[in-house]
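Chemist: The sequence and its predicted three-dimensional model are supplied below.
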Amino acid sequence: MLQLPLGGRVVFVDWHGVLSRDLFWTSILGSAAHPLHEALEAKLGEVFSQDSIAHSWMKGTISSQEIIDGMAIDLGRRHPDYLTRRLDADCAKMQVNAELMRVLCWLRGTTAIVLATDNMDCFANAFEQARSRRRRNRQQPQTFEDWVIVWDDIICSSDVGALKSEDPDRFFGTWLRDHGLDFEQALLIDDRADNCAAFRAQGGTTVQWKMGTNDIGEADAAVRRWLGVDEPALAVG
């Protein structure tokens, strides 16, 4: 079990829209010239246009491999596990919002920092694989695998079987109770209003913040207010 910092508090931080805007299979979808670009884009569009399938994937009742198999994309002469390998590799290389990470790094040693994401099994696996490698700190970390040493833990909907807004007690509450905390000792940074509302309804504090929309100074100031400190967590500018 995670050894909590002496402060006895936790910051839950969302992934997509807050810490990153990269999508799955970026190496394929980000290249219009890739032979599989058109087929993968179309098939993923079908998956995400059906909430029942997308939510089942996020809640772990459908696996990433089942999604890949169901898309039935013709890989040509590529190895049958090509899409699986590319999914894993691209998760590890997702670009991370370094400005917000610097705010979070300031909290280390006093506050636990936990990724809290409505996400798929491939993302949770990427976290565990990157943690097991424990790469050396880079002077200019940029990717998911570079930053993974900063996060103390992860809560992923595919592991807990629930989304944040539909069952915040199951999503967050189990982790909090397991670590001797309650919602009053927790802050959530998330871009979705429904997730924030559900978290506040349980007694927690929230910062609704979106990468590319809100200024980093807003997140910095909100974290300072929650901590009750006057000094900036980050020298902004």
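Modeler: Looks like it came in fine. Residues are numbered from 1 along each chain as shown.

Chemist: Could you look up the SS state of the residue with the largest distance to the centre of the chain?
Modeler: Distance to the chain centre peaks in the chain at residue 77, reaching 33.5 Å (criterion: CA atoms, centre = their mean). Under DSSP: H, G, I helix; E, B strand; the rest coil, residue 77 falls in the coil class.

Chemist: quick one, phi psi at it?
Modeler: With angles defined as degrees, to the nearest 10, residue 77 sits at phi -90, psi 0.

Chemist: was I right about residue 62 contacting residue 53?
Modeler: Yes: contact criterion CB atoms under 8 Å: residue 62 and residue 53 qualify, at 6.8 Å. No exception for glycine: its C-beta is placed from N, CA and C like everyone else's.

Chemist: between these two, who's got more neighbours?
Modeler: residue 62 (20 against 16; other CB atoms under 10 Å).

Chemist: Quick one, grab the pLDDT at the closest residue to that one other than its chain neighbours.
Modeler: Using CB to CB, 6 or more residues apart in numbering and skipping the chain neighbours, the partner closest in space to residue 62 is residue 56 (4.4 Å). You'll see residue 56 listed with a pLDDT of 97.

Chemist: which SSE is residue 56 in?
Modeler: helix 51-58 (DSSP states H and E).

Chemist: The residue nearest to residue 62 and residue 15: what is the separation?
Modeler: Distance, residue 56 to residue 15, by CB to CB, to the nearest Å: 19 Å.

Chemist: which is the next helix or strand following the strand or helix carrying residue 11?
Modeler: Using DSSP H and E, the element containing residue 11 is strand 10-13. Going down the chain from strand 10-13, the next helix or strand is helix 26-29, by DSSP H and E.

Chemist: Show me what that next one packs onto, helices and strands only.
Modeler: Judged by 3 or more CB pairs under 8 Å, 6 or more residues apart in numbering; DSSP states H and E, the packing partners of helix 26-29 are helix 37-48, helix 82-92.

Chemist: nearest to residue 22, of these?
Modeler: Closest of the helices and strands packed on helix 26-29 to residue 22 is helix 82-92, at 7.8 Å (criterion: CB to CB).

Chemist: for that closest one, packing partners?
Modeler: helix 26-29, helix 64-71, helix 121-133, helix 144-147.

Chemist: helix or strand right after that helix?
Modeler: Assigned by DSSP H and E, the successor of helix 82-92 is helix 98-105.

Chemist: That next one: what's the following helix or strand?
Modeler: As assigned by DSSP H and E, the chain's next helix or strand after helix 98-105 is strand 112-117.

Chemist: which residues sit against that next one?
Modeler: Outside strand 112-117, the residues within contact range by CB atoms under 8 Å, 6 or more residues apart in numbering are 2, 4-5, 9-16, 19, 104, 107, 123, 127, 150-157, 164, 171-172, 175, 179, 188, 190.

Chemist: who does that strand pair up with?
Modeler: Sheet pairing for strand 112-117, assigned by DSSP bridges, gives strand 10-13 (parallel), strand 153-156 (parallel).

Chemist: That concludes my questions; thank you for your assistance.
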